[in-house]
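> Could you look at this predicted model? Sequence included:
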Amino acid sequence: KNQVEQSPQSLIILEGKNCTLQCNYTVSPFSNLRWYKQDTGRGPVSLTIMTFSENTKSNGRYTATLDADTKQSSLHITASQLSDSASYICVVSWGGATNKLIFGTGTLLAVQP
Amino acid sequence: EAGVAQSPRYKIIEKRQSVAFWCNPISGHATLYWYQQILGQGPKLLIQFQNNGVVDDSQLPKDRFSAERLKGVDSTLKIQPAKLEDSAVYLCASSFGTLQETQYFGPGTRLLVL
């Protein structure tokens, strides 16, 4: 069964600290993996996208890694800011020919001053 | 560039009533998606359109949900009659195509069924 699991479910950190969010997937055939940020009351916004051959992708203070062998991905946030408080969703695309997406349940991050 | 527009932003109805949501995708985007996001869960695809044709509606509860994209641009999603478990955020997204394209999401419509 195609699944995307994320951990932790929620996380509280202090402003300025770093954190790492985890994503494990069992999706086949794998096309790509995206990390989305979803602010409260808004739609998800794409942060990074990685294909099978990419190990790491950065977007400002966000760095995503992908290990296609172990089917794991992580999202590292450096020097967190209050505006980083949001839900971070791991999304895996499968099927090749069409853009079918499987969403994780997300990690809810709260950055406190 | 204007994003994906959705309306209304909030809707409260009683069970067994009908409700409709509207979505205007990003200009030029051929593919449009409707998702249902229940609190604490990731979005679940309800239906995917390519222009005005349906690509995937396998998870759409067709006994009560319907969607159309008659002119290949705007789309409406309807629920008739609504049930308590339909309370969720309904997200519309669009992408230029279907192959490995990033989906851009609207702000969503938050539905509460009493």
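That came through, no problem.
> And B:Leu112, how far from A:Lys100?
Noted for B:Leu112: a distance of 29 Å to A:Lys100, by Cβ to Cβ, to the nearest Å. Placement of C-beta: from N, CA and C, glycine included.
> Name the residue in those two with the higher neighbour count.
A:Lys100 (18 against 13; other Cβ atoms under 10 Å in any protein chain shown).
> Just give me the neighbour total for the residue lying closest to the more buried one once chain neighbours are set aside.
Of all residues not flanking A:Lys100 in the chain, A:Trp94 sits nearest, at 5.6 Å (Cβ to Cβ, 6 or more residues apart in numbering or on different chains). A:Trp94: 19 surrounding residues under other Cβ under 10 Å.
> Okay, and the beta partners of A:Trp94?
Going by DSSP bridges, A:Trp94 is paired in beta bridges with A:Phe30, A:Lys100.
> From A:Tyr25, how far off is it?
9 Å.
> any shared contact partners between the two?
Both A:Trp94 and A:Tyr25 are in contact with A:2, A:102, where contact means Cβ atoms under 8 Å, 6 or more residues apart in numbering or on different chains.
> A:Thr105 is in contact with A:Pro8, correct?
No - assessed by Cβ atoms under 8 Å, A:Pro8 is found out of contact with A:Thr105, at 11.2 Å.
> okay, these two: which has more neighbours?
The neighbour count for A:Pro8 versus A:Thr105, taken as other Cβ under 10 Å, is higher for A:Thr105 (16 against 11).
> contacting residues for the more buried one?
Neighbour list for A:Thr105: A:5-6, A:9, A:89, B:40-42 [criterion: Cβ under 8 Å, 6+ apart].
> What about those residues, which one has the most neighbours?
A:Ile89 (25 neighbours).
> ok, what's across the strand from that residue?
A:Tyr36.
> How are the strands of chain A distributed by residue range?
According to DSSP state E, chain A carries its strands in the segments A:3-7, A:10-14, A:19-26, A:30-38, A:45-51, A:56-59, A:62-67, A:72-77, A:86-94, A:100-103, A:107-112.
> Nearest to B:Gly108 among those strands would be which one?
strand A:30-38 (9.5 Å; Cβ to Cβ).
> Tell me what angle that closest one forms with strand A:107-112.
40 degrees (axes from the mean of the first three to the mean of the last three Cα atoms, to 10 degrees).
> helices and strands around strand A:30-38, which ones?
Under the contact definition 3 or more Cβ pairs under 8 Å, 6 or more residues apart in numbering or on different chains; DSSP states H and E, strand A:30-38 sits against strand A:19-26, strand A:45-51, strand A:62-67, strand A:72-77, strand A:86-94.
> so where's the chain shaky on pLDDT?
Let's take chain A. A:96-99 (pLDDT under 70).
> looking at chain B here, not the other one
Using pLDDT under 70, the flagged stretches of chain B are B:1, B:98-100.
> all strands for it, in order.
B:5-7, B:10-13, B:19-24, B:31-37, B:44-50, B:53-56, B:65-68, B:75-79, B:88-95, B:104-105, B:109-113.
> ok, the third one: who's next to it in the sheet?
Spelled out, it's strand B:19-24. strand B:5-7 (antiparallel), strand B:75-79 (antiparallel).
> In TSV: those strands, plus mean neighbour count.
TSV is the format used below for the strands paired with strand B:19-24 (neighbours: other Cβ atoms under 10 Å in any protein chain shown):
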stretch	mean neighbour count
strand B:5-7	17
strand B:75-79	20
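> Spell out which parts of chain A neighbour chain B.
A:4, A:31-32, A:34, A:41-46, A:49, A:51, A:89, A:91, A:93, A:97-101, A:103-106 (Cβ under 8 Å from any Cβ of the partner chain).
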